[in-house]
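Enquirer: quick one: sequence and predicted model below, then my questions.
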Amino acid sequence: MDSPEHDDYVPTFYIGQHESKRSRPVTDDVVRRAHECNYDMLTAPITTSSFHERVLALFDNLDPDSAPTVSALTMDDTDLMPDEMTSHLLAMVSPWIDLCSPDPVIYNISRQVLHLEIAYAAFCGVTNVILPRPKLHHGDLDGEGVVQYAYSVQEILNIGMFVQVHIRLHMIDDPEAVDENMGDDLASRARLKYVDLSPSDAKPKVDVFGTWDAWNIIRSTCNYNPRLFVALDLCQPLLTSSNQSALEVHQALLPSRSQSRWHCEPLRVLIYSITAFVPNQTGYPVLSRVHRDLLTKYMRLRNPPWILLSDVGPIPGIERLEPFAPMADGDLPPVITADVFPLPSEAAKQPQKHKSSKNQHPTPHLDYLRQLQKRQPPRTVLERYGAGFQDYLQTPLQPLTDNLESITYEVFEKCPVKYEWYERAIARALRDWEEEGKAASGPNGRVVIAVVGAGRGPLVTRALRASETEGVDIELWALEKNPNACVILERHNQTQWQNRVNIVRSDMRSWQGPFREAIRTGPDNEELMPGPPTSQLPGMITPIDILVSELLGSFADNELSPECLDGMLPKLNPSYGLSIPCNYTAFLTPISAPKLHADISSRAPKDPAAPDTPWVVMLQAIDYLSTTTNPQPQPPSRSTAEDPKPNILPVWSFIHEPAPSPAPSTNSHNTRQARLPFRIRDRGVCHGLAGYFEATLYPGVELSTNPLTMGDKSADMMSWFPIFFPLKVNFPPSPSPFPPLTAFPFPSPALKPGAESANERNWKRDKKTPLYLPDNSEVTATIRRCTDERKVWYEWVVESWGWNLLIGGGKKRVRLGVSEVGCSKGVGCMM
Ligand SMILES: C[S@@+](CC[C@H](N)C(=O)[O-])C[C@H]1O[C@@H](n2cnc3c(N)ncnc32)[C@H](O)[C@@H]1O
């Protein structure tokens, strides 16, 4: 396997240019010029300033008791035309509307403007629109209008059936952030009877999850519609107090808790305004390390977001539109590439330099991003191996009932770690065997090793190699029940293993053990000595000294390793026999995984088992809901003060050692149950449980997929992706609180082909609304490993808990919600 340093991968940065107030229409020529400058796309307002003036005048001249009607768009109201280049445009809905307004007339007008603009953009063939941010604060009202906004979004998803809708949001909610449209907008016209502007003592504070909360309402109302995305503003207007350095402010606005939360949402656009950049020592605009790290993280998503540079200057040459030398190819003078974050004192000294540099490089911000694109750190082994698999749901393998294909074994065999670790474990076991002078079970004192479930034989090769390196003689058995894989084993035995391996075609649960000639010795031939392996009767069965198996699944025991090994353990050498692995433990943690939730929801109508299936999935767009702050100090340049790490708790274990007697006839000894409490610091939505495992192959040699220990125990191991237990929660469907508007010029949108029926919608709401967890709450996950005489399956349920303050002091723990029981019996593993 190549080392990650040799990865020649360059990520795709799809970069667009946005101006909040475009001075000229976005024509073909403008788009062409933007492409020449190495921009990939442009934003365009759907309507013109004259439409803006018309609507404001409508409101200003309104009889307060009448229902206003915004008349249909005219030629003067828009510059947008159906055109080939519309596919390169991100159409901007007017930022001066307020869909959250508590003033019903303003809401009514805003909603009409939205409908008119979306309908016209859809008519022109626009496929991507960006909606203005939901306004979260109106006087002393905080977050009240979000539901209103959410219903408007739900409506427009049914107007433009091919339009992808991007909701513009700040990373965090800062109530004091300056609103760029202030004065020119409908929001500032809200009437006092609806908005109390009197100064209040209880000023809302910065809320790290405030904007996420709004997004959660919007996408939940829209049933996780796959055409709904986040356009994230990465830089809020900086309210730098004089004693804060620019670096501190940038870090404070990008807390790692909110970074990881947005990472799990459907991020489609990242918006960098000019305030996200700071001049480097040579005066060129660069991003701080916090921003650079964030960009690297977000650009590694399976579908990397687009980047919008907002108000960083016009497209060069646009006024004259003369031929233009292409820019921003990423080959820059070294001054631009030095992105050392300046000390605030240095930055303050450099404004002049910055200006003159900009004149020499007309698109310095774009140049810098193109340069960053080229200098992205190489992908890790896991990232390379997992490319394309991120958040892709796979049904777990059933190697016991199904016979795997050769290609599946081939994928296993690519893991650079697992087989190495098995060889190490076998080598240590042989060394200890020798050093401790243990009596072996094979002829001539040879240690009997049985690789059970040998597949195409990689562990057989490793066992032979371990014996050679340790200089310990072994007798090797390889057992496999897949007849096709046995052909490969037999071929390998002939061509690679010099016929040193005894190959057995059998299910391990019915294998008697190493069967060999019984050689009679002693003065009267009354003693029996183990002879060479044979299939002839009469013979004798001898114990196995070292049993090697790899029957583990993503949740350790989910591919029935315990059930398979049950039959083998009584065949171990009773004094010294050992199993590799000797034990394994499953782990769980609650996660937010909107993408997986949406995927499972969309499968559910056709595949009713989908919400009850524990899925194998390379988790990427997820957020851990239960975290602790990492106590280990980090280099100051690399992290903010807090660096949360997930609480991932052990669920249950299986231990494999010589068994004195055959396993009981029922499988009830392999059932398990666990109830795990998780503290939740920050609010979020729980979509399910992420499962991992750790296994001890031999003391000191461990495998782990648990993110907390994987780096130490088996870094770069890629044989197993985690498992995901989805959550189903039962809530009654909620009717729309908003009756259709009578004054609206269009008829209420009828159901178009492909739109959801009420039944489908209700089914989704009834069956799969995820569990909302408030700040400072608790989650308990209860999970069981169940069995009958034919199958093994899991059942899981999640409860959320909060605290009620009691009159007279104290608090009481109260249950806030409980999920439906997930049950995988329908897709359980056959024994
Ligand atoms: C996960 S694969 C591992 C294969 C191989 N050891 C490797 O590491 O590439 C598990 C193998 O065990 C075999 N297997 C599972 N249950 C078995 C059983 N009860 N008896 C024999 N073989 C079994 C499967 O056919 C499969 O080849």
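Expert: Arrived safely, thanks for sending. What you are looking at is a predicted structure, and each value in this text was computed from that prediction instead of being measured. Numbering: from 1, shown residues only.

Enquirer: and V447, what does it touch?
Expert: Going by Cβ atoms under 8 Å, 6 or more residues apart in numbering, V447 touches 430, 433, 440-441, 467, 472-475, 545-546. Every residue, glycine included, has its C-beta placed from N, CA and C.

Enquirer: bridged to it, which residues?
Expert: Beta-bridge partners recorded for V447 (DSSP bridges): I474.

Enquirer: coming back round to it: among the contacts of V447, which lie within helices?
Expert: In this view, these that belong to helices under DSSP state H are 430, 433, 467.

Enquirer: verify the contact between the second one and N573 for me.
Expert: No. W433 lies out of contact with N573 (Cβ atoms under 8 Å); the separation is 10.1 Å.

Enquirer: still on that earlier bit, out of the contacts of V447, which two sit at the greatest distance?
Expert: Using Cβ to Cβ, the contacts of V447 reach their maximum pairwise distance at S441 and S467, which is 15.0 Å.

Enquirer: if we can go back for a sec, got the ones in helices among the contacts of V447 as CSV, with pLDDT, distance to the ligand and neighbour count columns?
Expert: CSV is the format used below for the ones in helices among the contacts of V447 (pLDDT from 0 to 100; distance: Cβ to the nearest ligand atom, whole Å; neighbours: other Cβ atoms under 10 Å):
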residue, pLDDT, distance to the ligand, neighbour count
L430, 98, 19, 24
W433, 97, 22, 20
S467, 98, 17, 21
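
Enquirer: and which of those residues is nearest Y772?
Expert: L430 (54.4 Å).

Enquirer: quick one: end-to-end length of stretch 176-191, please.
Expert: Start and end residues of stretch 176-191 are separated by 21 Å (Cα to Cα, to the nearest Å).

Enquirer: cool, and stretch 160-172?
Expert: 29 Å.

Enquirer: give the buried residues for it.
Expert: Applying a neighbour-count criterion of 16 or more other Cβ atoms under 10 Å, one finds 160, 163-172 buried in stretch 160-172.

Enquirer: could you export those as CSV, including distance to the ligand, pLDDT and secondary structure?
Expert: What follows is the buried residues of stretch 160-172, written out as CSV (distance: Cβ to the nearest ligand atom, whole Å; pLDDT from 0 to 100; DSSP: H, G, I helix; E, B strand; the rest coil):
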residue, distance to the ligand, pLDDT, secondary structure
G160, 48, 85, coil
V163, 46, 95, coil
Q164, 41, 96, strand
V165, 44, 98, strand
H166, 43, 98, strand
I167, 44, 98, strand
R168, 47, 97, strand
L169, 44, 96, strand
H170, 47, 93, strand
M171, 43, 92, coil
I172, 45, 90, coil
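
Enquirer: now, which of those sits nearest L73?
Expert: G160 (14.7 Å).

Enquirer: apart from its chain neighbours, what residue comes closest to the closest one?
Expert: Among residues not flanking G160 along the chain, A122 sits closest, at 3.5 Å (Cβ to Cβ, 6 or more residues apart in numbering).

Enquirer: quick one: contacts for that neighbour?
Expert: 159-163.

Enquirer: how far does the host helix or strand of D367 sit from its chain's centre?
Expert: For D367, the host element (DSSP states H and E) is helix 364-374. A distance of 27 Å separates the centroid of the chain from that of helix 364-374, by Cα atoms, centre = their mean, to the nearest Å.

Enquirer: what is the rounded mean pLDDT of it?
Expert: Averaging pLDDT along helix 364-374 gives 94.

Enquirer: convert the helix or strand that it is followed by to CSV, retaining C-alpha atoms only.
Expert: The element immediately downstream of helix 364-374 (helix or strand, assigned by DSSP H and E) is helix 381-386. Extracted in CSV, the C-alpha atoms of helix 381-386 (Å, rounded to 0.1, in the frame of the first residue of the first chain):
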residue,chain,number,x,y,z
VAL,A,381,-4.9,5.7,4.5
LEU,A,382,-8.5,5.5,5.7
GLU,A,383,-9.6,8.5,3.6
ARG,A,384,-8.1,7.0,0.5
TYR,A,385,-9.5,3.6,1.1
GLY,A,386,-12.9,4.9,2.1
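
Enquirer: many thanks, have a good one.
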